[in-house]
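Chemist: Show me the folded form of this:
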Amino acid sequence: MRKLPVRPIVPAAGQESVWDYPRPPALEQSGRRVVVRVGSVVIADSTAAWRVMETSHPPTWYLPRADVVEQYLRRSAARSSICEWKGAATYWDVLVPGQPVLQSVGWSYQTPTPRFVPITGYVSFMPGEIDCSIDGERVLPQAGGFYGGWITPDVVGPFKGEPGSWGW
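Modeler: Predicted coordinates for the structure are as follows:
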């Protein structure tokens, strides 16, 4: 039996523990309604998202570009990163008239690793920087500002990113 660095929260009925997610991460399609907005302006609305689930992380949701309003996206030069599982990320600014530019709040994998080809070009957003909801329920951001996990009541941790979790 594997010894965990933390004590996972036991999920209640209808919940799942991030400590049951695999490493390397799993990819799963979802028909749940995912909406991203700035104020009253809808940036994306989809029932064809994928979620990436990795041990100790809340899921990250990726939306097809067909469900993202392109006029609000601009490729960002302000940030770059490489995921050990998915490859090099492309970042996106969100521009809504009358609102400050939200820099690098979205990202995608334009040429992901073979395991993640299904999310090629799909966009995820940082719920700590932009309003994200799933089935009408507001998403909470993963702590720490680095990871882009989406915390909802149906997922329990503790989650990577919280204080003291760097060594997990």
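Chemist: can you count the residues close to Glu70?
Modeler: Per other CB atoms under 10 Å, the neighbour tally for Glu70 reads 8. Heads up, the C-betas are built off the backbone N, CA and C, glycines and all.
Chemist: For it, report the pLDDT, please.
Modeler: We note a pLDDT of 97 for Glu70 in this prediction.
Chemist: Would you mind listing the residues in contact with the nearest residue to Val41 once chain neighbours are set aside?
Modeler: Leaving out its chain neighbours, the residue that sits closest to Val41 by CB to CB, 6 or more residues apart in numbering is Val96, at 5.0 Å. Contacts for Val96 (CB atoms under 8 Å, 6 or more residues apart in numbering) come out as Val38, Gly39, Val41, Ile43, Tyr72.
Chemist: Over to Arg115?
Modeler: Counting by CB under 8 Å, 6+ apart, Arg115 has contacts Pro24, Leu27, Trp85, Lys86.
Chemist: Distance check, the last one against Pro163.
Modeler: Summarising the geometry, the distance separating Lys86 from Pro163, computed by CB to CB, to the nearest Å, is 26 Å.
Chemist: who has more neighbours, the two?
Modeler: Lys86 (23 against 7).
Chemist: how about that one, what does it touch?
Modeler: Here Lys86 is in contact with Val52, Tyr109, Pro112, Thr113, Arg115, Phe116, Ile119 (CB under 8 Å, 6+ apart).
Chemist: Looking at those residues, which is nearest Ile151?
Modeler: Val52 (14.2 Å; CB to CB).
Chemist: The helix or strand harbouring that closest one: partners in the sheet, and parallel or antiparallel?
Modeler: Under the criterion of DSSP states H and E, Val52 resides in strand 49-53. Within its sheet, strand 49-53 is paired with strand 26-30 (antiparallel), strand 60-62 (antiparallel), according to DSSP bridges.
Chemist: Could you dump those strands into a markdown table with mean neighbour count, distance to Thr47 and mean pLDDT added?
Modeler: Listed next are these as a markdown table, based on neighbours: other CB atoms under 10 Å; distance: least, CB to CB, whole Å; pLDDT from 0 to 100:
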| stretch | mean neighbour count | distance to Thr47 | mean pLDDT |
| --- | --- | --- | --- |
| strand 26-30 | 14 | 8 | 98 |
| strand 60-62 | 26 | 12 | 98 |
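Chemist: Point out where the protein drops to low pLDDT.
Modeler: Counting by pLDDT under 70, the chain contains low-confidence ranges at 1-5.
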